[in-house]
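1. Let's see this in three dimensions:
(one chain, ligands or ions: 1)
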Amino acid sequence: MKEKCTKYEALFTFADEVTLKEHLKVCEDCREEQAKMDKVSELISEVKPFYKKKRTAPHHLKVACILFALVIGGASIGVVGTNQDMMDYIKYGETLSAEDLGFPVDSYGLLLVE
Ligand SMILES: [Zn+2]
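-> Sure, this is the predicted structure:
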C-alpha cells in the first residue's frame, strides 16, 4: 500500500502557490487535502460577514472599559483624598496618631478633652 503523502501541510504553509499547484497535479493525496481546505475557505468566507459585524463590538466595549476605569479611578482618588488616614499612610508609611498630629493625648494615646 502506498503511503499517504504528508507534504501538503508543509507546501501549503511554506511553499508558494505555484509549487503547491505543481505538486497537486501529481499528488492525489494532496488534492484531497486541497479539497478539504477549499471547503474550509468556503466556510470562512461564509462566516466572514458575521465576523466583520462582530468586530465593531469590541470597539464599543473598549470605550466602555475606559469610561468604567475613569469612573472607578476617579472614585478611588476621591476616597483617598478625603480619607486622612489613608493620605497619611501614603505620605508617611503609617497612620499618624493624635499625638503625632500635636494634639494633647492621655497615656492611652486618646485625645485629651478637658
Ligand atoms: Zn502530496
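
2. Show me what from this structure comes close to the ion.
-> 5, 7, 27, 29-30 (CB under 5 Å from the ion). The C-beta positions use only the backbone N, C-alpha and C, and glycine is treated the same way.

3. What subset of those is buried?
-> In these, burial by neighbour count holds for 5, 27, 29-30, counting by 16 or more other CB atoms under 10 Å.

4. Low-confidence ranges, this structure, go.
-> When the per-residue scores of the chain are filtered using pLDDT under 70, the ranges that remain are 1-2, 51-58, 73-99, 101, 109, 112-114.

5. how does it look with 80?
-> Low-confidence segments of the chain, defined by pLDDT under 80, span residues 1-2, 48-114.

6. Please, where are all the helices along this protein?
-> When secondary structure is read from DSSP state H, the chain shows helices at 7-14, 17-26, 28-82, 84-92.

7. Can I get stretch 34-54 as PDB, trimmed to CA atoms?
-> Extracted as PDB, the C-alpha positions of stretch 34-54 are listed here (Å, rounded to 0.1, in the frame of the first residue of the first chain):
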ATOM      1  CA  GLN A  34      -6.700  20.800  -1.000                       C
ATOM      2  CA  ALA A  35     -10.400  19.900  -1.400                       C
ATOM      3  CA  LYS A  36     -10.800  19.900   2.400                       C
ATOM      4  CA  MET A  37      -9.000  23.300   2.600                       C
ATOM      5  CA  ASP A  38     -11.300  24.700  -0.100                       C
ATOM      6  CA  LYS A  39     -14.300  23.700   2.000                       C
ATOM      7  CA  VAL A  40     -12.800  25.400   5.000                       C
ATOM      8  CA  SER A  41     -12.100  28.500   2.900                       C
ATOM      9  CA  GLU A  42     -15.700  28.400   1.800                       C
ATOM     10  CA  LEU A  43     -16.800  28.200   5.400                       C
ATOM     11  CA  ILE A  44     -14.600  31.100   6.300                       C
ATOM     12  CA  SER A  45     -15.900  33.300   3.600                       C
ATOM     13  CA  GLU A  46     -19.400  32.400   4.600                       C
ATOM     14  CA  VAL A  47     -18.700  33.300   8.200                       C
ATOM     15  CA  LYS A  48     -16.600  36.400   7.400                       C
ATOM     16  CA  PRO A  49     -19.500  38.900   7.100                       C
ATOM     17  CA  PHE A  50     -20.700  37.900  10.600                       C
ATOM     18  CA  TYR A  51     -17.200  38.100  11.900                       C
ATOM     19  CA  LYS A  52     -16.800  41.600  10.500                       C
ATOM     20  CA  LYS A  53     -20.000  42.700  12.000                       C
ATOM     21  CA  LYS A  54     -18.900  41.400  15.400                       C
END
